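Trainee: sequence below, structure please.
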Amino acid sequence: MKEFLIHSNKCFINNQFVEATLYIKNKKIHQIFKGLNTIKNITFLDYDNLIVMPGIIDAHVHINEPGREDWEGFETATKAAAIGGVTTLIEMPLNANPVTTTANAFKLKQKAADQKLHVNCGFYGGVIPTNANDIEDLINEGVFGIKGFLTHSGIDEFPNITKAYLEEIAPILKKYDIPLLLHCELSDENVPKVINTKSYSEYLHSRPQHWETNAIDLALDIQKRFDIRVHIVHLSASDGLERIKIRKQLTNKLTVETCSHYLYFNAEDIPDASPIYKCAPPIREKANNNLLWNALLNDEFNFLSSDHSPAPPERKQLEKGDFFKAWGGISGLQFTLPILFSQGQKIGLTLEKLIPLLTENPAKFLELERQKGKLQEGFDADITVWNDSEAFTITEESIQHKHKATPYLNETLFGKVIHTFVNGVQVVKNSELNELKAGKLLLKK
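Mentor: Residues are numbered from 1 along each chain as shown. The predicted structure is shown next:
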């Protein structure tokens, strides 16, 4: 379909639901009509009471190709994204081999993605102790930000950086006004001795809240002294919220996200010997996670993401159950919308608040807000159509990720994605993959 019309009684336009008809032409939202409108000889798709909203933008995804395609690859990850209503994702610099810390490695990653993108895909570059001279090249090649770890990343090719390295690259980030994304954990010896490696409680206490808050303090110091854009990824420690909130009142260059798993699962419910739940920072106690929800309701998070970080079953120690040897990462790219919608309904999260956290807000962070994140004339025709009243159960057959192991398996959720349009192409039709390779490679201009 080169041009067609989408009608619904529930189009999310200008932060409210209205009856409208979208005229899609040349991969863009060409025109928006109030109410129902047909045009002779143009295909008319009537979605009645299904929600029609901007495509989801997931700004934190690990795909691991090239080099670790056995963990995940562009083919499977972007299929999963499309089925989940995600039309744009930004891929992280680690877990691929080589890691994306040089311009050459970045070119290899782009080549690896060729002909495999079923949704739009951009990339971050990485900062490690040896690549200060590569940061400017990565920025010039078109990465959307520079990501670093303040504790061990889990793979030796991507070592953590210190305050001194951040001070060294901060002037470059300032020059280009590009965000520094930080994994905020600063490890120390102030943790209990591990006795049972299969105990979730012991794993949780091995990465205490003060690891996060110490790292956040460092991040805020760098942000303040160099006046650069700093983004705190996957916040899990509620103790970090207040200091971020105070700093945000003084600058618009500080942003923070949290992820679906910190809002959906609670430490008290995680069985021992089940590292399918392992991530870093860890999923914390219900009281902590309730404070994350309160912060979300009070607009303290800039956006939400999946932090999709899959690994083969043996790397996840699924048979052995060792939390300390298992790869830390939750597989959930496909389920962000229904997870957050289902849980959010229980605590009063409105769609008017949720949808921008998945669309308009990450578009602003990525400086794509003039082409993505809204249903607006002239914008890219990236559109998600879903049923907020339809329940479904996550089964292995329904999962498009390379590996089916996810803590969300067998969960029953509300909010089924029915159709996904990427650049005006219907990639998902009736919850099944329909037309592939519609995604574009995104480079930051």
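
Trainee: what's the domain layout of the chain?
Mentor: 3-52+379-433, 55-365 (automatic domain parsing).

Trainee: most tightly surrounded among those?
Mentor: domain 55-365 (a mean of 20; mean count of other CB atoms under 10 Å). (Glycine included, C-beta is placed from N, CA and C.)

Trainee: and that one, how far apart are its ends?
Mentor: 16 Å (CA to CA, to the nearest Å).

Trainee: what's the mean pLDDT across that domain?
Mentor: What domain 55-365 shows for mean pLDDT is 97.

Trainee: quick one, what contacts residue 216?
Mentor: Neighbouring residues of residue 216 by CB atoms under 8 Å, 6 or more residues apart in numbering: 184, 232, 235, 237, 240, 243-244.

Trainee: re earlier: any chance of a markdown table for the domains of the chain, columns distance to residue 373?
Mentor: Listed next are the domains of the chain as a markdown table, based on distance: least, CB to CB, whole Å:
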| stretch | distance to residue 373 |
| --- | --- |
| domain 3-52+379-433 | 8 |
| domain 55-365 | 3 |
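
Trainee: what about these, which gets the closest to residue 442?
Mentor: The minimum distance between residue 442 and these falls on domain 55-365, with 3.6 Å, by CB to CB.

Trainee: how far off centre is the closest one?
Mentor: The chain centroid and the centroid of domain 55-365 are separated by 8 Å, computed with CA atoms, centre = their mean, to the nearest Å.

Trainee: for stretch 80-88, measure first residue to last.
Mentor: 12 Å.

Trainee: what of stretch 104-121?
Mentor: 18 Å.

Trainee: residues making contact with that stretch?
Mentor: By CB under 8 Å, 6+ apart, stretch 104-121 touches 55, 65-66, 73-75, 78-79, 81-82, 86-91, 96, 98-100, 123, 125, 138, 141, 143, 372, 382, 420, 422-423, 427, 433, 436-442.

Trainee: if you set the cut-off to 6 Å instead, what comes out?
Mentor: 65-66, 74-75, 78-79, 81-82, 87-89, 96, 98, 100, 141, 422, 427, 436, 439-440, 442 (CB atoms under 6 Å, 6 or more residues apart in numbering).

Trainee: so of the residues you listed, which ones are in helices?
Mentor: Cross-referencing these against helices under DSSP state H gives 74-75, 78-79, 81-82, 141.

Trainee: for those, give me a markdown table that also has distance to residue 299.
Mentor: A markdown table is the format used below for the ones in helices among the contacts of stretch 104-121 (distance: CB to CB, whole Å):
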| residue | distance to residue 299 |
| --- | --- |
| 74 | 34 |
| 75 | 37 |
| 78 | 30 |
| 79 | 33 |
| 81 | 26 |
| 82 | 29 |
| 141 | 34 |
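
Trainee: what is the nearest of these to residue 398?
Mentor: Nearest member of the ones in helices among the contacts of stretch 104-121 to residue 398, counting by CB to CB, is residue 79, at 11.8 Å.

Trainee: the closest one contacts residue 400, doesn't it?
Mentor: Yes: between residue 79 and residue 400 there is a contact at 4.4 Å, judged by CB atoms under 6 Å.

Trainee: for the protein, which helix is longest?
Mentor: From DSSP H, the single longest helix across the chain is helix 209-226.

Trainee: contacts for the following helix or strand past that helix?
Mentor: Later in the chain than helix 209-226, the nearest helix or strand by DSSP states H and E is strand 230-232. Contacts to strand 230-232, defined as CB under 6 Å, 6+ apart, come from residues 179-181, 184, 219, 223, 254-256.

Trainee: determine which two of those are furthest apart.
Mentor: Taking CB to CB, the two most distant members of those are 179 and 184; they sit 14.0 Å apart.

Trainee: where exactly do the helices run in the stretch 151-300 of the chain?
Mentor: 163-176, 200-206, 209-226, 241-248, 260-264, 286-297 (DSSP state H, counting those that start in this stretch).

Trainee: quick one, which of these is nearest to residue 366?
Mentor: Using CB to CB, the nearest of the helices of the stretch 151-300 of the chain to residue 366 is helix 163-176, at 14.2 Å.

Trainee: check which helices and strands the closest one is in contact with.
Mentor: helix 135-141, helix 209-226 (3 or more CB pairs under 6 Å, 6 or more residues apart in numbering; DSSP states H and E).

Trainee: and the longest one with helix 163-176, angle?
Mentor: For helix 209-226 and helix 163-176, the angle between their directions (axes from the mean of the first three to the mean of the last three CA atoms, to 10 degrees) works out to 50 degrees.

Trainee: how about the CA coordinates for helix 209-226, as CSV?
Mentor: Provided in CSV are the C-alpha atoms of helix 209-226 (Å, rounded to 0.1, in the frame of the first residue of the first chain):
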residue,chain,number,x,y,z
GLN,A,209,21.1,0.7,46.8
HIS,A,210,24.2,2.7,47.9
TRP,A,211,26.1,1.4,44.9
GLU,A,212,23.6,3.2,42.7
THR,A,213,23.4,6.4,44.7
ASN,A,214,27.2,6.7,44.9
ALA,A,215,27.4,6.4,41.2
ILE,A,216,24.5,8.8,40.7
ASP,A,217,26.3,11.4,42.9
LEU,A,218,29.3,11.0,40.6
ALA,A,219,27.1,11.4,37.5
LEU,A,220,25.5,14.5,38.9
ASP,A,221,28.9,16.0,39.8
ILE,A,222,30.1,15.5,36.2
GLN,A,223,26.9,17.0,34.8
LYS,A,224,27.1,20.0,37.0
ARG,A,225,30.8,20.8,36.5
PHE,A,226,30.9,20.3,32.7
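
Trainee: element containing the nearest residue to residue 66 once chain neighbours are set aside, please.
Mentor: Leaving aside its sequence neighbours, residue 66 sits nearest to residue 112 (CB to CB, 6 or more residues apart in numbering; 4.1 Å). Element membership for residue 112, per DSSP H and E: helix 103-113.

Trainee: now do that helix against helix 74-83, angle only.
Mentor: Angle, helix 103-113 to helix 74-83, by the same axes, to 10 degrees: 70 degrees.

Trainee: format the contacts of strand 230-232 as JSON lines; extra columns: distance to residue 416.
Mentor: Shown next, in JSON lines, are these (distance: CB to CB, whole Å):
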{"residue": "179", "distance to residue 416": "33"}
{"residue": "180", "distance to residue 416": "37"}
{"residue": "181", "distance to residue 416": "31"}
{"residue": "184", "distance to residue 416": "34"}
{"residue": "219", "distance to residue 416": "38"}
{"residue": "223", "distance to residue 416": "40"}
{"residue": "254", "distance to residue 416": "36"}
{"residue": "255", "distance to residue 416": "30"}
{"residue": "256", "distance to residue 416": "30"}
